[in-house]
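Novice: return a 3D structure for these sequence lines:
(one chain, ligands or ions: 1)
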Amino acid sequence: MEVLSIAIVSFSFLLFLFFILRDSRPKNLPPGPRPSPIVGNLLQLGDKPHAEFAKLAQKYGELFSLKLGSQTVVVASSPAAAAEILKTHDKILSGRYVFQSFRVKEHVENSIVWSECNDNWKLLRKVCRTELFTPKMIESQSEIREAKAREMVKFLRGKEGEVVKIVEVVFGTLVNIFGNLIFSKDVFDLEDPTGGSVELKEHLWKLLDMGNSTNPADYFPIMGKLDLFGQRRAVAEVLQQIYDVWGVMLKERRGTKGSESKNDFVDVLLNAGLDDQKINALLMELFGAGTETSASTIEWAITELTKKPLVVSKIRLELVNVVGDNTVKESDLPHLPYLQAFVKETLRLHPPTPLLLPRRALETCTVMNYTIPKECQIMVNAWAIGRDPKTWDDPLNFKPERFLSSDVDYKGNDFELIPFGGGRRICPGLPLASQFSNLIVATLVQNFEWSLPQGMSTSELSMDEKFGLTLQKDPPLLIVLKARASNI
Ligand code: HEM
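Specialist: As a prediction, this is how the structure comes out:
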């Protein structure tokens with residue numbers, strides 16, 4: 001009897017080992033590194049997955065697969081593979097992989113970022129396309145952005161000679177731009193860190209931070225429902241706190257609807273007939289998706305300029321030729337091709353969401369002769385694509401000139417440059433992001449000289465990127481500013 005028990009236990013154990021250790025990957029997946037039991041290829045990720053994925057692509061090809069915990073993930077790393085995902089199979093691969101921390105039911109249902117391409121998503125995209133980010137709307141709000149850029153200059157003038165963490169000032173400026181575009185109010189008081197809408201500011205910081213922290217349940221979804229570390233609960237709480245702040249304002253606006261038009265996003269959304277839940281979710285996501293990404297882009301732009309005085313001179317020369325002694329305005333931007341090429345080059349080397357936002361296969365499909373199983377997560381490595389020597393001449397050299405004689409743009413048609421993604425889920429805020437990234441860079445170059453803090457040289461400037469949802473520099477860029485003569 002005892003022998004039989006031992007035999008049964010041993011057999012069960014071997015069976016268990018077999019299921020754990022066997023390569024349970026579906027057949028005909030794109031090639032990839034062999035996964036270890038349980039953790040899969042998680043240990044190979046490091047803190048810069050986009051860089052590790054670029055190395056894996058060299059070994060396994062432009063479309064490879066791996067296992068992150070129990071999740072099957074496919075990564076596209078060439079313009080051709082990106083076009084397959086974002087264009088040819090865009091519809092079937094248009095699902096989003098929703099990070100476990102953000103699976104807050106009421107939010108996902110009303111979300112533009114996380115929902116499927118369902119009727120709600122179509123409605124929100126339509127509002128973005130036909131109301132919020134039209135050329136007319138963008139032009140009509142240009143004075144707001146210009147005024148906030150001037151405030152930034154005034155604030156920085158007061159900091160002359162001091163060491164400044166530039167991303168913080170740019171982020172505050174962007175949050176205020178958004179506050180004014182959305183509901184005609186400042187959120188940050190640049191002069192007084194305890195001023196402005198302190199609670200909204202704090203809630204937004206907290207939420208962005210949560211977006212950047214790892215949740216083990218993303219690799220082992222079996223843990224997802226349990227919310228073992230309370231991350232989903234924490235996100236739900238912060239979202240509610242943000243909605244409570246906006247709730248008061250929305251109520252006021254609904255009460256005064258029609259009496260005083262402000263031409264801001266809230267007015268537009270109320271007129272479009274959206275309910276409070278949809279408005280809350282959309283406003284939150286515009287803040288979330290728009291501020292950190294753009295602040296990161298500008299921080300990288302200033303970093304590259306710090307290393308390349310010749311590029312600064314070229315931007316300045318163009319500004320002098322086009323704008324003269326006047327303050328640069330958004331209406332000048334179309335006449336500043338070198339500045340635009342410079343921002344493109346920044347986004348080529350430093351896309352703020354290096355792996356875009358993860359997509360999900362809605363059905364099993366065939367891509368480049370490989371099988372992508374239903375529910376598989378798909379990432380597109382925009383960072384690797386922007387540095388691919390097969391596509392780019394001298395790819396690691398920062399050279400805005402490369403775009404002066406080329407039509408390649410980041411609007412989603414050229415898959416070698418996709419910092420804003422592509423296909424039906426392409427970033428809807430692209431026209432706005434492009435506008436204020438160019439404006440703020442031009443304003444800083446026009447108004448300031450800057451250098452690194454004493455004792456630091458450009459060779460020490462870290463060009464290394466840590467991975468989060470976005471790619472702010474780590475460590476952040478510190479500079480010392482000197483004002484130039486200007487009319488502001
Ligand atoms: C430099 C700045 C920005 C970059 C690089 C950027 C990049 C991206 C990327 C890569 C995606 C995913 C696209 C895909 O799945 O193919 C995305 C989505 C999105 N972005 Fe941006 N973004 C920026 C600024 C903005 C701004 C200013 C806004 C709004 C005001 C915004 C709103 C959104 C929204 C709502 C989505 C989700 C779209 C959807 O899932 O349908 N972004 N962005």
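
Novice: next, count neighbours for the residue in the stretch 1-150 of the chain that the ligand sits nearest to.
Specialist: Per C-beta to the nearest ligand atom, the residue of the stretch 1-150 of the chain with the smallest distance to the ligand is Val113, at 4.2 Å. Backbone N, C-alpha and C define where each C-beta goes, glycine included. Using other C-beta atoms under 10 Å, Val113 has 21 other residues around it.

Novice: list of residues touching stretch 210-229?
Specialist: Applying C-beta atoms under 8 Å, 6 or more residues apart in numbering, the contact partners of stretch 210-229 are 39-40, 42, 68-71, 99-103, 231, 233-235, 238, 288, 468-470.

Novice: returning to that earlier point: quick one: residues contacting the residue of the stretch 1-150 of the chain closest to the ligand.
Specialist: Val113 touches 96, 285, 288-289, 357, counting by C-beta under 8 Å, 6+ apart.

Novice: closest one of the residues you listed to Ile302?
Specialist: Of all the contacts of Val113, Ile302 sits closest to Ala289, with 21.7 Å by C-beta to C-beta.

Novice: I'd like the next helix or strand past the strand or helix carrying that closest one.
Specialist: Using DSSP states H and E, Ala289 sits within helix 276-307. Going down the chain from helix 276-307, the next helix or strand is helix 309-323, by DSSP H and E.

Novice: C-terminal to the helix or strand of the chain with the lowest mean pLDDT, what's the next element?
Specialist: Least confident helix or strand, the chain: helix 2-21 with a mean of 55, by mean pLDDT, DSSP states H and E. Next helix or strand after helix 2-21 toward the C-terminus (DSSP H and E): helix 49-60.

Novice: got the CA positions of the helix or strand following that next one in PDB?
Specialist: With elements assigned by DSSP H and E, the helix or strand that comes after helix 49-60 is strand 63-68. Output in PDB follows, covering the C-alpha atoms of strand 63-68 (Å, rounded to 0.1, in the frame of the first residue of the first chain):
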ATOM      1  CA  LEU A  63       9.300  39.900 -34.900                       C
ATOM      2  CA  PHE A  64      10.100  37.800 -31.900                       C
ATOM      3  CA  SER A  65       8.200  36.400 -29.000                       C
ATOM      4  CA  LEU A  66       8.900  35.800 -25.300                       C
ATOM      5  CA  LYS A  67       7.200  34.900 -22.100                       C
ATOM      6  CA  LEU A  68       6.900  37.500 -19.300                       C
END
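
Novice: go through strand 63-68 and flag the buried ones.
Specialist: 63-68 (16 or more other C-beta atoms under 10 Å).

Novice: and for stretch 305-319?
Specialist: Residues of stretch 305-319 classed as buried by neighbour count (16+ other C-beta under 10 Å): 305-306, 308, 311-312, 314-316, 318-319.

Novice: how about stretch 446-461?
Specialist: 446-448, 450, 452, 461.

Novice: out of these, which touch the ligand?
Specialist: Of the residues in the buried residues of stretch 446-461, proximity to the ligand by C-beta under 6 Å from any ligand atom holds for none.

Novice: adding secondary structure and pLDDT, write these out as CSV.
Specialist: CSV is the format used below for those (DSSP: H, G, I helix; E, B strand; the rest coil; pLDDT from 0 to 100):
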residue, secondary structure, pLDDT
Gln446, helix, 97
Asn447, helix, 96
Phe448, strand, 97
Trp450, strand, 96
Leu452, coil, 94
Leu461, coil, 76
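
Novice: around the ligand, pick out the residues from this protein.
Specialist: 112-113, 285-286, 289-290, 293-294, 297, 352-353, 356-357, 419-422, 425-429, 432-433, 437.

Novice: put the buried members of the contacts of Val113 into a PyMOL selection.
Specialist: Command for PyMOL that selects the buried part of the contacts of Val113, burial taken from 16+ other C-beta under 10 Å:
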select buried, resi 96+285+288+289+357
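
Novice: spatially, which two of the contacts of Val113 are the most separated?
Specialist: Arg96 and Gly288 (14.4 Å).

Novice: helices of the stretch 51-200 of the chain, residue ranges please.
Specialist: 79-83, 105-110, 119-127, 135-140, 142-157, 166-183, 198-211 (DSSP state H, counting those that start in this stretch).

Novice: mean confidence score for the fifth one?
Specialist: So the one you mean is helix 142-157. Across helix 142-157, pLDDT averages out at 96.

Novice: check which residues of that helix are buried.
Specialist: Under 16+ other C-beta under 10 Å, the buried positions of helix 142-157 are 142, 144-146, 148-149, 151-153, 155-156.

Novice: hang on, the earlier thing: can you select the buried ones from the contacts of stretch 210-229 in PyMOL?
Specialist: Filtering the contacts of stretch 210-229 down to the buried ones (16+ other C-beta under 10 Å) takes a single PyMOL command:
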select buried, resi 40+42+68+69+71+99+100+101+102+103+231+234+235+238+288+468+469+470
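
Novice: among the contacts of stretch 210-229, which ones are in strands?
Specialist: If you go by DSSP state E, those have 68, 71 in strands.
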